[in-house]
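Asker: Kindly return the folded structure for what I paste below:
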Amino acid sequence: MEEITVKKYKLKRVETQTSYKVDYAKELNPEQLEAVKQKDGAVLVIAGAGSGKTKTLTYRVARLIEDGVNPENILLLTFTRKAAREMMTRASIVLDSRCDKISGGTFHSFANIILRKYSNLLELNNNFTITDRADSEDIINHIRSNLIGKQEKRFPRKGTILDIYSKAVNKNIPSEEVILTEYKQFESNTEKINEIIHEYNIYKHKNSILDYDDLLLYLRTLLESNPKVRKDLSNRYKYIMVDEYQDTNTIQAQIVKLLASEHNNVMAVGDDSQSIYSFRGANYRNILEFPKMYDDTKIIKLERNYRSTQNILALANEVLKKAKEKYTKTLYSETESPIKPALVCAKDMSTEAAFVVQRVLELCEEDGLTLNDICVLARSARMTYNIELELSKRNIPFKKFGGMKFIESAHIKDVIAHLRVILNPDDIISYIRILLLLDGVGIQSANKLLPVLKDGINTETKLNVKNPDAIIRLSKLIDISQKDIYNPKKAVQNVIEYYEPILKDRYDDSDKREKDLEHFIALSEGYTSLEDFLSDLALEPPDTSAVDVEGGSKDDEYLTLSTIHSAKGLEYKAVFIIGAVDGRFPSLYSFNTMEELEEELRLMYVAITRAKTYLTITYPIDMYDYGTNMVLSKPSRFLDDISQDIIEHWVIE
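Answerer: This next block holds a predicted model:
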């Protein structure tokens with residue numbers, strides 16, 4: 001047999017940069033193109049609902065880089081990391097991989113990176129722990145219990161105290177003003193509340209802990225008090241873009257202004273008519289006053305809508321006319337449809353629920369929609385209760401948004417507490433949490449054990465507790481895992497192996513919760529430090545927990561029930577807005593001030609513009625309000641005086 005010789009070739013990988021000129025005029029409408037072409041100076045893009053703001057930002061990134069701007073000189077600030085990643089990915093598809101090199105992320109994740117780099121200038125340890133809301137509440141509760149005696153009958157709970165502090169920080173006003181305007185019933189407790197807040201801040205600094213608000217506060221302080229750092233960062237980020245600018249709070253707007261101090265190159269994209277998060281501290285005046293903050297601001301309006309039919313937009317425009325303060329805009333669409341929005345009167349909430357569910361079935365059976373195409377929106381989560389009962393009776397699968405997140409489930413918080421102690425032994429609240437998981441350890445013995453564990457346990461250590469072996473096991477876990485802070489997956493595995501017997505002992509549904517622990521290990525893969533892993537968990541927590549999922553595949557159809565706040569940014573072929581009764585939507589509580597009523601109107605606008613083709617608004621005429629002993633029966637005032645040419649009126653027979 002003839003021998004065949006195969007030549008061996010030495011291969012060398014060649015990195016290529018495939019780039020081409022993008023035809024922006026072909027891809028964008030005239031207003032989008034105008035925004036994308038703006039290079040230097042301040043630009044405010046008023047992007048109406050469904051007008052392609054993400055596309056505009058994406059192409060602007062590509063255009064800047066194509067125009068010779070170094071990608072590392074571009075900063076894109078968003079409100080979710082997912083949004084930043086999506087824009088960078090899409091920009092890379094439009095142009096090339098250079099777009100991956102821009103700096104993009106949330107305000108809080110950006111602050112985290114900068115603060116760790118310059119921590120020494122702020123008297124911070126660079127291994128500081130970032131606490132979530134539940135952990136912050138625990139710290140406040142610990143301080144509250146020490147300062148407030150049991151005889152105090154009328155004193156705010158831990159969550160309320162944290163709300164007062166957070167609103168004061170985000171709105172940049174004294175806590176006294178927050179108490180006076182929003183928690184007047186606690187006015188007599190102002191001094192004690194301020195004392196707790198003061199001790200809370202001391203505790204955090206002493207134990208190298210930052211909460212969400214601190215990230216922004218410290219970043220602003222860094223930029224204000226260090227001219228060299230401010231100048232260096234401003235020269236590094238020569239082009240700043242901010243998504244959803246209407247959702248920024250006062251501190252975030254100040255941070256952007258400080259970062260742009262050397263160049264004024266800021267493009268803010270947002271919609272004043274979709275500012276609905278004042279309860280989180282968002283200040284809609286930021287977008288209204290942007291032209292006052294930046295000289296020679298260029299204002300561009302995106303009014304062409306790519307989501308909804310013209311009939312739905314006609315209703316949205318009519319609702320928007322009622323707003324007192326706004327950038328005037330008129331949404332329009334090239335999508336025509338004979339189907340008009342409908343306003344449906346129901347006898348009571350049960351009839352309303354039965355109608356909505358029946359109409360959902362009709363849309364699926366007669367119009368070819370799937371359950372995934374349909375969403376039921378409500379002003380508050382409790383208003384969907386009757387719908388949930390009706391859906392359950394008819395065995396229609398649904399998913400309600402706004403429930404407990406993965407990161408908030410007790411077993412995951414237990415694991416994270418162990419990891420935080422491993423990284424930061426000064427995290428006393430996490431230390432106490434993991435000690436209280438052990439049999440025979442109460443709060444008093446936990447406090448006594450803290451100094452012993454922090455000093456380290458050896459053969460001569462005396463442990464005056466019922467279960468010394470458990471304390472020794474915990475101490476060994478911490479010692480061993482501190483060697484793995486640059487191998488997060490190994491540290492997580494160590495903790496879970498230690499924690500599993502505790503899990504089985506404490507939870508009846510431990511089998512389900514174990515699936516979460518497996519998922520948690522998978523989340524840690526790809527990280528090279530425990531610090532980065534824990535920071536990301538705090539700043540961008542994953543949502544779904546195995547405990548909350550009752551059977552079925554993720555691919556199964558389900559009807560979406562959601563609050564309007566949770567549905568912002570989403571879209572559905574058919575939308576039902578339920579409970580549109582004056583006193584519920586707008587809420588009775590919003591009647592106090594024009595600002596609150598205006599936000600409720602913007603909430604209605606957001607709800608309407610989630611719909612693509614079918615929009616149904618329902619209101620029961622026999623709704624009893626237990627808080628005021630009133631019977632609510634009129635449809636929302638936001639729908640008053642709107643022609644039946646725009647919205648049809650139906651009555652359920």
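Asker: Point out where the stretch 351-500 of the chain drops to low pLDDT.
Answerer: For the stretch 351-500 of the chain, applying pLDDT under 70 flags the ranges 402-406, 456, 458-465.
Asker: can you count the residues close to the residue found closest to Asp272 once you drop the neighbours it is linked to in the chain?
Answerer: Take Asp272 and drop its neighbours on the chain: the residue closest to it by CB to CB, 6 or more residues apart in numbering is Ile287, 4.8 Å away. The C-beta positions use only the backbone N, C-alpha and C, and glycine is treated the same way. As a burial measure, Ile287 scores 27 neighbours (other CB atoms under 10 Å).
Asker: before we move on, which element is Ile287 in?
Answerer: helix 285-288 (DSSP states H and E).
Asker: how about Glu525, what does it touch?
Answerer: For Glu525, the contact set (CB atoms under 8 Å, 6 or more residues apart in numbering) comprises Lys489.
Asker: That one and Leu423, how far apart?
Answerer: Plainly put, Glu525 is 18 Å away from Leu423 if you go by CB to CB, to the nearest Å.
Asker: Asn170 too?
Answerer: From Asn170 to Leu423 the distance is 27 Å (CB to CB).
Asker: can I assume Thr54 is in contact with Met88?
Answerer: No. Here Thr54 does not reach Met88: they are 11.4 Å apart, not a contact under CB atoms under 8 Å.
Asker: These two: who's more crowded?
Answerer: For Thr54 versus Met88, neighbours defined as other CB under 10 Å are more numerous around Met88 (21 against 17).
Asker: just checking, Asn127 touches Leu210?
Answerer: No. Counting by CB under 8 Å, Asn127 stays clear of Leu210, with 11.2 Å between them.
Asker: neighbour count winner among these two?
Answerer: More crowded of Asn127 and Leu210, by other CB under 10 Å: Leu210, with 22 against 15.
Asker: can you pull the contacts of the more buried one?
Answerer: Neighbours of Leu210 in contact, by CB under 8 Å, 6+ apart: 115, 124, 128-131, 204, 218.
Asker: Show me which of these is closest to Val356.
Answerer: Thr131 (40.4 Å; CB to CB).
Asker: OK, contacts around the closest one?
Answerer: 139, 209-211, 429, 538.
Asker: Which neighbouring elements make contact with the top strand by length along the chain?
Answerer: Counting residues, the longest strand found in the chain (DSSP state E) is strand 611-620. The contact analysis (3 or more CB pairs under 8 Å, 6 or more residues apart in numbering; DSSP states H and E) places strand 611-620 against helix 310-320, strand 342-346, helix 349-366, strand 572-577.
Asker: If we use 6 Å, what do you get?
Answerer: Judged by 3 or more CB pairs under 6 Å, 6 or more residues apart in numbering; DSSP states H and E, the packing partners of strand 611-620 are strand 342-346, helix 349-366, strand 572-577.
Asker: any idea which of those is most buried?
Answerer: Among the helices and strands packed on strand 611-620, ranked by average contacts under mean count of other CB atoms under 10 Å, first place goes to strand 572-577 (a mean of 24).
Asker: Check which element follows that strand along the chain.
Answerer: helix 594-608.
Asker: So which bits of that next one are buried?
Answerer: 597-608 (16 or more other CB atoms under 10 Å).
Asker: repeat for stretch 113-132
Answerer: Applying 16+ other CB under 10 Å to stretch 113-132 flags 114-116, 118-119, 124, 128-132 as buried.
Asker: Going along the chain, name the helices of the stretch 201-350 of the chain.
Answerer: Here the stretch 201-350 of the chain has its helices, by DSSP state H, counting those that start in this stretch, at 212-225, 227-236, 250-259, 285-288, 290-293, 310-320, 349-366.
Asker: List the buried residues of the second one.
Answerer: To tie it back to what came earlier, the one meant is helix 227-236. Per 16+ other CB under 10 Å, helix 227-236 contains these buried residues: 229-230, 233-234.
Asker: Quick one: those residues as CSV, columns for pLDDT and distance to Asp641 too.
Answerer: Output for the buried residues of helix 227-236, formatted as CSV (pLDDT from 0 to 100; distance: CB to CB, whole Å):
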residue, pLDDT, distance to Asp641
Val229, 95, 55
Arg230, 95, 51
Leu233, 96, 51
Ser234, 95, 50
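Asker: Arrange those in TSV, one row each, with distance to Thr335 as further columns.
Answerer: Shown next, in TSV, are those (distance: CB to CB, whole Å):
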residue	distance to Thr335
Val229	50
Arg230	47
Leu233	44
Ser234	43
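Asker: Among these, which one lies nearest to Ser475?
Answerer: So of the buried residues of helix 227-236, ranked by how close each gets to Ser475 (CB to CB), first place is Val229, at 40.5 Å.
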